[in-house]
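1. Dropping a prediction and its sequence here:
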Amino acid sequence: GNSVTQMEGPVTLSEEAFLTINCTYTATGYPSLFWYVQYPGEGLQLLLKATKADDKGSNKGFEATYRKETTSFHLEKGSVQVSDSAVYFCALISGSARQLTFGSGTQLTVLP
Amino acid sequence: GAVVSQHPSWVICKSGTSVKIECRSLDFQATTMFWYRQFPKQSLMLMATSNEGSKATYEQGVEKDKFLINHASLTLSTLTVTSAHPEDSSFYICSASRQGVGGSPLHFGNGTRLTVT
């Protein structure tokens, strides 16, 4: 079956630090990969996505590259801000399934 | 862009009562919607897949008689927590994707915080 393994948190960084949140996956076929962000008390918002190997998704300074050879989709940002503090979820959709398979989530706290 | 609206955003109810949560796709048709449950500091757990015009598909371990799902139209799905108990207190989130668009990212509602006293 499909699964997503995500770097455990919590992660605490100072403002302007470099961020990496690791994500690896197991899936049948060729999944589409996503990063979602959840701010406190809110639902999930799509942050970025990639639908095929070597695609790079990017949004709001965040990037992630679909690496088929390592089955990874690591999230990176060069300079985090306090407003980036949230929980980040890596997820995938594979085959004909329409529901997402989520990683466990990584809590990020950015200190001023 | 596509928007999914979930209502109410929070609700407090007494033990034994029922609570209905609505999930609407505002600018697209969704033949399929999904209901998730999230416990504090944990990931989302898929409860059921809601299919327009047919019965919902429940995940293993989810009581279908307790969590009633009705997907009466292409833009509305409802989740009713029947005879709620304190252990049902949780954050419930719905999601939907555009009809017929493969690989389309799911759009999420803002969630409903249910507290059963």
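-> Arrived safely, thanks for sending. Numbers count the residues shown, from 1 in each chain, chains lettered A, B, ... in the order given.
2. Contact residues of chain B facing chain A?
-> B:6, B:32, B:34, B:41-44, B:46, B:49, B:93, B:95, B:97, B:103, B:105-111, B:113 (CB under 8 Å from any CB of the partner chain). Any C-beta I mention is one placed from the backbone N, CA and C, and that applies to glycine too.
3. Just the buried ones out of those, please.
-> Among the residues of chain B next to chain A, the ones that count as buried by 16 or more other CB atoms under 10 Å in any protein chain shown are B:6, B:32, B:34, B:43-44, B:46, B:49, B:93, B:95, B:97, B:105-111, B:113.
4. Tell me where the model's unsure across chain B.
-> Scanning chain B with the threshold set as pLDDT under 70 gives B:1-2, B:99-105.
5. List, one by one, the residues from chain A near chain B.
-> Counting by CB under 8 Å from any CB, chain A sits next to chain B at A:32, A:34, A:36, A:41-46, A:49, A:51, A:89, A:93, A:98-100, A:102-105, A:107.
6. Only whichever of the residues you listed are buried, select them in PyMOL.
-> Typed into PyMOL, the next command selects the buried ones out of the residues of chain A next to chain B (criterion: 16+ other CB under 10 Å):
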select buried, chain A and resi 32+34+36+42+43+44+46+49+51+89+93+98+99+100+102+103+104+105
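7. pull the helix or strand with minimum mean pLDDT from chain A.
-> Among the helices and strands of chain A, strand A:101-102 carries the lowest confidence by mean pLDDT, DSSP states H and E, at a mean of 88.
8. Whatever helix or strand comes next after that strand - contacts with which helices or strands?
-> Next in sequence after strand A:101-102, counting helices and strands by DSSP states H and E, comes strand A:106-111. Under the contact definition 3 or more CB pairs under 8 Å, 6 or more residues apart in numbering or on different chains; DSSP states H and E, strand A:106-111 sits against strand A:11-14, strand A:19-21, strand A:86-93.
9. This completes my enquiry, with thanks.
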